[in-house]
Every structure is written in C-alpha cells, then in structure tokens.
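> turn this into a model:
(chains A, B and C)
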Amino acid sequence: MVEIEGYAAPSEYDPPSYAQVTKVTRAQPILFIAGQVTYDDTGGLAHGRDFAAQARAVFRSLEVEAGGGTLANIVKISTVLTDIRYRDELVPIREEFFGKKTPAATQVAVSALGPPDG
Amino acid sequence: MVEIEGYAAPSEYDPPSYAQVTKVTRAQPILFIAGQVTYDDTGGLAHGRDFAAQARAVFRSLEVEAGGGTLANIVKISTVLTDIRYRDELVPIREEFFGKKTPAATQVAVSALGPPDG
Amino acid sequence: MVEIEGYAAPSEYDPPSYAQVTKVTRAQPILFIAGQVTYDDTGGLAHGRDFAAQARAVFRSLEVEAGGGTLANIVKISTVLTDIRYRDELVPIREEFFGKKTPAATQVAVSALGPPDG
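Prediction:
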C-alpha cells in the first residue's frame, strides 16, 4: 500500500499550515492533475469575480479529479493567485478541504492565468 | 509496460484542449525536463522576438529531450508566457505537436523567464 | 539502487549550468518538497531584504529537507524570484550548493511569493 507522510526535518521550522516535505513510498499509479479553474457547463468561466466561490469550486474539482473523492492522496499543492492579497481569504477555504495542514505546497502570484481552453 | 491515460472525471467539465488528469501506471523510469528556451548553438537566445518560431523551437526541443523523439510519454505540460496575449497564437502551434488535446496542463504569465544559463 | 542521470540530447544545446533532463530510474520513495522560504524560529521571515542570506538559507533548508543532508538526490529545481535582476547574484550562491551544473531546472520571476503560512 502507498504510504504518504508529511513532515519537516527536526532542525527546520515546521509551518503550522503545510508540510515541508511529503514523502511518498510505494506510489503506484501517479496522477498528474491540470491547473484547476472554475468552468461552467459550457466551458466558460463560472463565478465571475467571486473569489471565495472560485476557490471552493477549484478545491471541489481537485477533490473529484484526485480519484475516489478524497484529498488524502494529494502530495503537492501549487497555488497560483493573480493578486497575492487574496491569500488571507484563501486560508479558511483551503482548511474546509485540507484541514489545518496541507501537504508540501508552493504559492505564488502571477500576472495572468491561462483562461479556459487557453 | 507503462500506461498513460488522460481523462476528466465524469462530473467535471472536460476541456477540449487538455486532459484534466494524466494517470500514469507502471512508470519507470521518469524524466524531469528543464524549462525549454530557444538556444542558438552558442547558448544565446535564438529567434529574437518571433513568438511563433520560439514556440516551435521549444516544442521541438521538448520532443527531442523527451527521449525517442516522441511526445506520447509527456504527462504534464507547464506553459509559462511573459504576456498572456500570446496564448491565442500558441494554440495552433501546440496542436502541430500535441494534436487537439494535450496531457494535464497549466498555463500562467509571469513577469520574466530565466534567460539562458541564468 | 536509484540511478539519477543528468544530460542533454546530442542534438540539443547543453547548457553549462543545468541539465536539460534528469532521468530517474528505480526511484523509490519520492520526496515532494515545499517552496522554501527563510523562516526564523517563530515563523517570521528571516534575513530581511538580504538576498544573498535568503538564498543561502533556502538552499541550506533544501539540503536538510532533501533527507540525509545531500542534494545529490534532487531531480528538479524550480527557482522563483520576485525580481529577475537577482538572477546574476544567485548563480555563485547556487554553485556553493549544487556546483557548476544543477539538475533539470526552471526559473521565473513572479509578482509575489506566498509569505510564511500564507
């Protein structure tokens, strides 16, 4: 069985909200998941400029695409925002899905995301 | 033999141009490929400001570096542009290499790329 | 035993400072490492605006988190700067840890990084 363990090395700061390392043993198979955006049924962008609704829809899609409807097998999250000020609003929404501590993570703000079918 | 399958979960929007998930089973070995830029023979940047020529050269290099001259084993594409407006111009060029649908993908625009040997 | 080999395809430009491809055979287990930032002991940001000190602290943390205190098993580096002009200053510091040639690499500049616990 696959084993997934999150930790920080003893000498390093252990952030409350994410693991420094996710160690995966006996992983087989592996899923590579596309960057999740909020599609409506016709492929347009859903939820307009409602950040909270967009964020929830993205985590929900991730949960579904992760297979078996569970986030327990996610080993790395890369969060890409277009404005870093949304970071604070993201925290409680992420906790609804991942709890207080996520697997190994990165977070950056970029100038634009590829829109649907971009 | 390695099996590579692209799909979207039944409840999710299935984008025409990329897979929501690439599932890899029995992958062995794994190639991690550097961000591809357009080098000339001396390590300078080739193709100046010609976006289409740069994009084709990048996909061609990817094809060569992917081993065996095939893109069929690529499981995830991360496209990084410096101006999101090039996204439309990218679509037909990407199709020359990947066809209508790519594996799991992300696309962002950033303020700068690391130049050759940066 | 795991085998890790960096190379460029014969027809491609072989950059002096990084491998075009890192090929991993028999990798088991796999570590996914979070984006490294410079924490002080209480989770605040250490080293203020001292780029060189920040960069050294990040590579040192990576070395520790990589397990066994070695960078020899790192297969891909993604460097994210907030100002691409720091790229030149990064090169000699990276060499202190990785030597003249790193594994497969990407480097971009973004508008912001997720701060500690962001």
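> give me the residue from chain A nearest chain C.
A:Gln107 (2.8 Å; Cβ to the nearest Cβ). (C-beta placed from N, C-alpha, C; glycine too.)
> spell out which helix or strand contains the spatially most central residue of chain A, please.
The geometric centre of chain A, computed from its C-alpha atoms, lies nearest to A:Ile77 (Cα atoms, centre = their mean), at 4.2 Å. Applying DSSP states H and E as the criterion places A:Ile77 in strand A:76-81.
> okay, the angle between that strand and strand B:76-81?
30 degrees (axes from the mean of the first three to the mean of the last three Cα atoms, to 10 degrees).
> list the buried residues for strand A:76-81?
The neighbour-count check on strand A:76-81 (16 or more other Cβ atoms under 10 Å in any protein chain shown) flags A:Ile77, A:Thr79, A:Val80, A:Leu81 as buried.
> tell me, which of these make contact with chain C?
A:Thr79 (Cβ under 8 Å from any Cβ of the partner chain).
> list phi and psi for the closest residue to A:Asp41 other than its chain neighbours.
For A:Asp41, ignoring the flanking residues on the chain, the nearest one in space by Cβ to Cβ, 6 or more residues apart in numbering or on different chains is B:Tyr13 at 6.8 Å. Phi and psi for B:Tyr13, reported as degrees, to the nearest 10, are phi -70, psi 130.
> ok, B:Tyr13 - contacts?
A:Tyr39, A:Asp40, A:Asp41, A:Gly43 (Cβ atoms under 8 Å, 6 or more residues apart in numbering or on different chains).
> could you do A:Tyr86 as well?
A:Phe51.
> redo that, cut-off 10 Å
A:Phe51, A:Ala52, A:Gln54, A:Ala55, A:Thr79, A:Ala109 (Cβ atoms under 10 Å, 6 or more residues apart in numbering or on different chains).
> could you do A:Asp83 as well?
Contacts of A:Asp83 by Cβ under 10 Å, 6+ apart are A:Phe51, A:Ala109, A:Val110, C:Ser111, C:Ala112.
> low-confidence ranges, chain A, go.
Along chain A, the parts satisfying pLDDT under 70 run over A:68-69, A:115-118.
> strands of that one, residue ranges please.
Applying DSSP state E to chain A gives strands spanning A:3-7, A:21-25, A:30-33, A:76-81, A:104-109, A:112-113.
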